[in-house]
Every structure is written in structure tokens, then in C-alpha cells.
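Undergrad: Structure here, sequence nowhere to be found:
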Ligand SMILES: O=C1O[C@H](COP(=O)(O)O)[C@@H](O)[C@H](O)[C@H]1O
């Protein structure tokens, strides 16, 4: 691994706020980007199944937009929040267009794009974002990258979500290293969670991360769902799903190894401007049907509750994952 990133306190924010070319560069990116992204997205929508007929609308993470409280009674998910693709290949083509569009809209609106990665199968599905036309047209210098959850292991450990993202995504795109906010892997689980929360709090003060009603409002959360219905490191029936008074929480008894992790809490997920889930493969079919079925109590199926209260939710699934709907 060529570079190790640490959670920087405010350094990245200074360079972003002082950039003299901010608006002209982002306008250019928007002009160059929108056409090609949307063209690719239209091709992606040639896939079969349930999908929205219009181009995906994105939401920008402006501060103070709407009341955010952790909600349990959210209602059934709507079918138009699900896009089903023939296979993983066509899913990843559309996912790339979507990510680029959300990034362009955020950069155009506020000069920065805050994106949150997960581990697992998601990173492979992001592969097309690192390729043409996005490699050239995306304004990578404005990206700020976070993790929805991380395993408390060293950054070069095979279980590290940072390592997975570095190998499969971050090493291929020119995001400034000071804008990649990895956890401090020399701390205990509890301390790492506190440290990561402090890092995000600091970025809300400098304006990189928007804030609304006491929670950070990140532009885009890219989430995966485990076959058991977990997302981030929020597992079904685990008390952590109910936590409201922290942004980042430690978990030392994760049912899926490794046991020691840190994770976004549910209100932080629900405060996001855009939550985009990716589910591919047969292994996700049963749980995806449950997610789009009857509403379950908060805590029973975290991937069902993980949706913005004042933003845009999209599930990208392939046919295999959608086969039990
Ligand atoms: O442990 C984790 O699992 C989930 C789901 O992974 P997947 O390989 O089934 O897609 C992932 O989203 C999370 O970030 C990771 O830590």
C-alpha cells in the first residue's frame, strides 16, 4: 500500500475553503460531467425490473434542512426506491453514473462532496467510477471520503475496510490523501470511535461536512447489506441499533468477525442526504425481499431502517438479489 491516511483535524478543510478556483472548476466539472454521466445512466436503465422511469434525482447536503430524529415508524419502502439490473456489470455501470451525479451536484452546490464507503462487496461494484469517463470528468479534488464502519485492525490487515477501499478504489483515483479520513488504528475500539466522531465534528466546524439538527449530513452513504440484514456494523437485534447519543459507536461483539469495529449510528445514517445501497448476488435475495416487505420494528432489520429521513434512498440490486421480491 503506497499511502497511509490518518484522520486529519481540519487540514483538509483549510485547503478546500481557500481554493481560489472552487466555483469555476466545479462548474466545469458539472458541464463536462453531467452529459456523460447521464448518458451512461440512461444506458444502465436499460436493465430490467423495477426502476424509476426518470433519471435519478439527487439531494445536496445543505445544513439545517429538516428535522432529523431517529425514526422507527418509517413505513414500507417503495418499489420506486429499487432499481434492478440484469447483472452486476450493468448495475456497476449505473452505480458509477449515480455516484458521479451526486458528486457533481454536491460540488456545484457547496464546493465539496462527502462520500461514505462501506466494506464488503460494495467496493468491487464501484469499479466503474475509477474508469473513463469518470476518471477524467469527476472533480476528485473536492471529494472527502469516510467509512460507514471499520474493523479495528491495522490498515494493512486483510480485514481492514480501508485496505479494501484503497486496493479497489482509492489507489486508482486522485483524491487528495488529506481528504481520506481513515480511523486511527493505534487506538482501542472505544477510543477509535471517539476519535472518529471528533474528526467528523471538526469537519462540521470548518464546513466540509454539513450538519442538520445535531447530526452530520453527509452527501452520499454507499452501503452494503449483509445476508443477515446488517448494514454498517449495525446488526439485527443488537442494542447498538438503538443508540442515538453518539455519531460513531464502538462494537466489540460483532456477530460477523472481526468482533471489534466502529460504526456510524442509525441517526447519522438517517441524517444523510443520499443513501445508496448495493445488493448483488443470490445470497442477498431473501433479505432484500424482507427489506421491501412489511415494515419491521427498529432494530430487527437495520438495512430497512437505514434510509434518509429527509433525502433520497436508492437500492441498486441485480436480478439474482431481487429474485425473491
Ligand atoms: O462486515 C461488513 O459487511 C457488510 C456487508 O458486506 P457484503 O460483503 O455482504 O456486501 C459491509 O457493508 C460492511 O461495511 C462490512 O464491514
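TA: Yep, it's here. Everything quoted here is computed from the prediction, not taken from an experiment.

Undergrad: Which helix or which strand is home to residue 276?
TA: Using DSSP states H and E, residue 276 sits within strand 274-279.

Undergrad: do residue 287 as well
TA: Secondary structure (DSSP H and E) places residue 287 in helix 285-291.

Undergrad: give me the number of residues near the residue of the chain at minimum distance from the ligand?
TA: The nearest approach of the chain to the ligand comes at residue 120, 2.3 Å away (Cβ to the nearest ligand atom). Glycine gets a C-beta too; all of them are placed from N, C-alpha and C. Burial of residue 120 is recorded as 17 neighbouring residues (other Cβ atoms under 10 Å).

Undergrad: That one against residue 227, yeah?
TA: No - between residue 120 and residue 227 there is no contact under Cβ atoms under 8 Å: 10.4 Å.

Undergrad: just to revisit the earlier point, average pLDDT for the strand holding residue 276?
TA: In this model, strand 274-279 has a mean pLDDT of 98.

Undergrad: ok now it, how far from the chain's centre?
TA: Chain-centre distance of strand 274-279: 7 Å, with Cα atoms, centre = their mean, to the nearest Å.

Undergrad: Could you confirm whether it reaches the ligand?
TA: No - judged by Cβ under 6 Å from any ligand atom, strand 274-279 stays clear of the ligand, getting no closer than 7.5 Å.

Undergrad: Now do that strand: which elements does it pack against?
TA: In terms of contacts (3 or more Cβ pairs under 8 Å, 6 or more residues apart in numbering; DSSP states H and E), strand 274-279 is packed against helix 88-110, strand 220-224, strand 312-318.

Undergrad: Please identify the most buried of these.
TA: Highest mean neighbour count of the helices and strands packed on strand 274-279: strand 220-224, a mean of 26 (counted as mean count of other Cβ atoms under 10 Å).

Undergrad: What are the contacting residues of it?
TA: 99, 102-103, 106, 113-122, 126, 148, 231-232, 264, 269, 272-279, 303, 306 (Cβ atoms under 8 Å, 6 or more residues apart in numbering).

Undergrad: Kindly report the same for stretch 283-301.
TA: 70-77, 79, 82, 225-229, 236-238, 241-242, 266, 279, 303-305, 315, 317, 320-325.

Undergrad: Out of those residues, list just those in strands.
TA: 82, 279, 315, 317 (DSSP state E).

Undergrad: Would you map the helices across the stretch 1-150 of the chain?
TA: 11-18, 22-44, 88-110, 122-125, 134-137 (DSSP state H, counting those that start in this stretch).

Undergrad: among the contacts of stretch 283-301, which ones are buried?
TA: 70, 77, 82, 225-226, 229, 236, 238, 241, 266, 279, 303-305, 315, 317, 320-322, 325 (16 or more other Cβ atoms under 10 Å).

Undergrad: Contact residues of the stretch 1-150 of the chain facing the ligand?
TA: 118, 119, 120, 121, 122, 149.
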